[in-house]
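Q: Sequence first, then the predicted structure, then my questions.
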Amino acid sequence: MLRIHFSEVDLARVRVAAEPDPMWEVLSTLHRLQSRGGRRQFAAWRRTACARLNAAGLSRPVRGVLFALYPLGPYLPDFLTPPEGEGGVTAALDGILRLPRQDVLAQVRLLDGVSPVPSWALRLGQGPERRELTELIRRYHAVAVAPYGEEMAAGLVAHRGLLARALLTGGVEALLGSLGPRFRWRRPVLEVDYRTDRDLHLRGRGIRIVPTYFSWGTPVALADAGLPPVLSYPLSPPPVPEEALPAERVPLGALLGGTRARVLRCVADGLTTGELAQAVGVSLSGASRHTTVLRDAGLTTSRQVGPTVLHTLTPLGAALLGQALGGGPGNDDAPRTRRGRGGRRTARP
């Protein structure tokens, strides 16, 4: 178990990632390629990613280089998920290049003690070898991660809607208590299911929470307690089977019917059944009936928050709304959603 100790100052410095972090998604996708965890849920992604990697000539370097640095196991080098990832893939890779040589070598040696690495990994402290690594990560990200940017962003938007409602209802402590079944808030400690037994004292630094689309299983924290604290954990898995949405704009009214399309649009920011009935202009029983149909279709999810039930979008529902954003000016069902701007001791994500 991981026990994260909060002070009052730390509670005021909790942040949730506004956009998918490219380096955490790179880590998670590489683990999806090496593990059976999430194999069924991410089957469509895996087939497509493997075909694209093969076509780009990346299959062999990914297996020979990236698998060695991102192994399934109890330790991963922290430098592979730098804090600069908050600013995008280019900023993250620049952060890897700027790290002091001794820091990179120390982490590679730690990894070697847990999962033996090839001899070339011990030369990553040098500039040319590290530039080659970051270029490979960039190419891998472009092929296996970047094409799924809309799905990742949609999933994060839907999840942040749930966390925002918990925050508005009960404050930061309610947010921490609503992260998922692998988390338990026991003031002033957040207990997290983990493969190792560990205490993390935040000491006024707060923590950055990174919901990660492609991760699976238990959460992941940085190994070095001296680094700015980060906790990554899985978003809800995508529906099964995982199918790509059509490229054409989706006329929601024709697809779902006018009332149900309005229901889908309204729950984008998270609404209770009563709020939804008032917003759409239907009875409570009618709102409940519509949400049941949308939930059964995998477009929305319902979650108990205190005495009420909160309805919000699934990643599939959010992506469908994104496809409908280009509806014509006369389309009353065109949604009006907003989207935010665009090692470690760990269990396997």
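A: Here it is on my side, so go on.

Q: Surely residue 80 touches residue 70?
A: Yes - with contact defined as C-beta atoms under 8 Å, residue 80 counts as touching residue 70 (6.8 Å). Where you see a C-beta, it was placed from the backbone N, CA and C, and this is true even at glycine.

Q: now the strands: where do they sit in the stretch 151-300 of the chain?
A: Using DSSP state E, counting those that start in this stretch, the strands found in the stretch 151-300 of the chain span residues 183-186, 189-192, 198-201, 207-212, 220-221, 230-234, 271-272, 300-305.

Q: and residue 167, which of those is closest to it?
A: strand 300-305 (10.9 Å; C-beta to C-beta).

Q: Quick check: next helix or strand after the closest one?
A: Next in sequence after strand 300-305, counting helices and strands by DSSP states H and E, comes strand 308-313.

Q: which residues do residue 80 and residue 70 both contact?
A: 26, 27 (C-beta atoms under 8 Å, 6 or more residues apart in numbering).

Q: Is residue 57 in a helix, a strand, or coil?
A: Using DSSP: H, G, I helix; E, B strand; the rest coil, the structure places residue 57 in coil.

Q: So for it, what's the pLDDT?
A: You'll see residue 57 listed with a pLDDT of 95.

Q: Residue 289 too?
A: 88.

Q: burial count for it?
A: Residue 289: 14 surrounding residues under other C-beta atoms under 10 Å.

Q: Same question for the one 10 residues further on.
A: In terms of burial, residue 299 registers 24 neighbours under the definition other C-beta under 10 Å.

Q: which residues sit in contact with it?
A: 264, 313, 314, 316, 317, 320.

Q: so what's the second one up against?
A: For residue 313, the set of contacting residues under the criterion of C-beta under 8 Å, 6+ apart consists of 154, 157, 158, 161, 264, 267, 268, 299, 300, 301, 321.

Q: ok, residue 136 to residue 53 distance?
A: In this view, residue 136 and residue 53 are 11 Å apart by C-beta to C-beta, to the nearest Å.

Q: got any residues that touch both of these two?
A: Listed as contacting both residue 136 and residue 53 by C-beta under 8 Å, 6+ apart are residue 62.

Q: tell me which strands and helices the longest helix belonging to the chain is in contact with?
A: Counting residues, the longest helix found in the chain (DSSP state H) is helix 149-177. Judged by 3 or more C-beta pairs under 8 Å, 6 or more residues apart in numbering; DSSP states H and E, the packing partners of helix 149-177 are strand 14-16, strand 183-186, strand 207-212, strand 300-305, strand 308-313, helix 315-324.

Q: Least confident secondary structure element in this structure?
A: strand 344-345 (a mean of 48; mean pLDDT, DSSP states H and E).

Q: picking up where we left off before, including mean pLDDT and distance to residue 91, could the helices and strands packed on helix 149-177 go into JSON lines?
A: Converted to JSON lines, the helices and strands packed on helix 149-177 look like this (pLDDT from 0 to 100; distance: least, C-beta to C-beta, whole Å):
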{"stretch": "strand 14-16", "mean pLDDT": "95", "distance to residue 91": "17"}
{"stretch": "strand 183-186", "mean pLDDT": "93", "distance to residue 91": "29"}
{"stretch": "strand 207-212", "mean pLDDT": "95", "distance to residue 91": "15"}
{"stretch": "strand 300-305", "mean pLDDT": "79", "distance to residue 91": "32"}
{"stretch": "strand 308-313", "mean pLDDT": "81", "distance to residue 91": "29"}
{"stretch": "helix 315-324", "mean pLDDT": "75", "distance to residue 91": "25"}
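
Q: before we move on, the earlier item: right, so of the strands of the stretch 151-300 of the chain, which gets closest to residue 16?
A: Across these, closest to residue 16 is strand 207-212 (C-beta to C-beta), at 4.8 Å.

Q: so what strands line up beside that closest one?
A: strand 14-16 (parallel), strand 230-234 (parallel) (DSSP bridges).
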